[in-house]
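Peer 1: from the sequence below, what's the structure:
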Amino acid sequence: MKKCDKCNIEIETKQLYCPLCHQVLTGETDPSFIEVYPEYVSLTRKILPTVKKTLLLLSILAIVIVALINTLAFNGVYWSLIPIGSTLYFWLLLRVGVLSRRNMAFRIAFLTVLLIALLVLIDYRTVPENNGWSFDYLMPLLLFSCNLAIFFIILVRRLNYRDYFFYLLIVIVFSLIPLILVAFDVLTILWPSLVAFGLALFILLFLIVFFPKTIKEELQKRFHA
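Peer 2: Residues are numbered from 1 along each chain as shown. Alright, predicted model coming up:
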């Protein structure tokens, strides 16, 4: 029988780490013990290959037709970027946001960054005289929404201790982006960036106050302190 000194529980397993806190288990397991695992049942239904290929073909045809129309009837505005970007984002959203099994925070952050890049591209390639709305408003508000989503995940889900550290890094990076853009005079409207930074600062303080031991342990492991 193995034991986790941190959780103070005994486990009959051949695994090296505790399934609750992932600390190294002590003790020995009976050599005759056989672990039996339940049959895996996928939580997602498989998309039929025919449906997937049909949707992909229609998406490619739509992109080609829209790009061709925009080129033949070009009036100085790259309006085709909106439907093309939306189509590509749909496939990335499906692949990364729905079908991927990666960390939830990673998926949210990845899709947020892609959406910001798409909106910036549309902003500076569609109506030149109205440039700047993607930086001034949408980027900080999307970062605000991303940090808010991560905050609710932390409150609702029971997370592995490694997840807290990863989420914390995302919030730190996303809180610095608006400040860097303000410092380089890229932004002309400050209040959305200040709101986004205020929320990020609140989340950081929340994690530090309510999960100090978890964060400290992970930092020590990461940097071998």
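
Peer 1: which residues in the protein form helices?
Peer 2: Using DSSP state H, the helices of the chain run over 49-72, 81-92, 104-125, 133, 139-156, 161-183, 191-210, 212-223.

Peer 1: any chance of those helices in TSV, plus mean pLDDT?
Peer 2: Supplementary listing: the helices of the chain in TSV, determined by pLDDT from 0 to 100:
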stretch	mean pLDDT
helix 49-72	87
helix 81-92	82
helix 104-125	80
helix 133	79
helix 139-156	79
helix 161-183	70
helix 191-210	80
helix 212-223	60
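
Peer 1: which one of those helices lies nearest to His22?
Peer 2: helix 161-183 (7.1 Å; CB to CB). To be clear about C-beta, it is placed using only N, CA and C from the backbone, and glycine gets the same treatment.

Peer 1: can I get the helices of the chain in CSV including mean neighbour count?
Peer 2: Output for the helices of the chain, formatted as CSV (neighbours: other CB atoms under 10 Å):
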stretch, mean neighbour count
helix 49-72, 12
helix 81-92, 16
helix 104-125, 18
helix 133, 15
helix 139-156, 18
helix 161-183, 17
helix 191-210, 16
helix 212-223, 13
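
Peer 1: any chance of these in JSON lines, plus distance to Ile9?
Peer 2: Shown next, in JSON lines, are those (distance: least, CB to CB, whole Å):
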{"stretch": "helix 49-72", "distance to Ile9": "45"}
{"stretch": "helix 81-92", "distance to Ile9": "42"}
{"stretch": "helix 104-125", "distance to Ile9": "27"}
{"stretch": "helix 133", "distance to Ile9": "55"}
{"stretch": "helix 139-156", "distance to Ile9": "25"}
{"stretch": "helix 161-183", "distance to Ile9": "16"}
{"stretch": "helix 191-210", "distance to Ile9": "24"}
{"stretch": "helix 212-223", "distance to Ile9": "18"}
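
Peer 1: out of the ones you listed, which gets nearest to Pro19?
Peer 2: The closest of the helices of the chain to Pro19 is helix 161-183. By CB to CB, the value is 12.9 Å.

Peer 1: show me how the record splits the protein into domains.
Peer 2: Listed domain ranges for the chain are 1-40, 48-130, 132-143+151-225 (source: automatic domain parsing).
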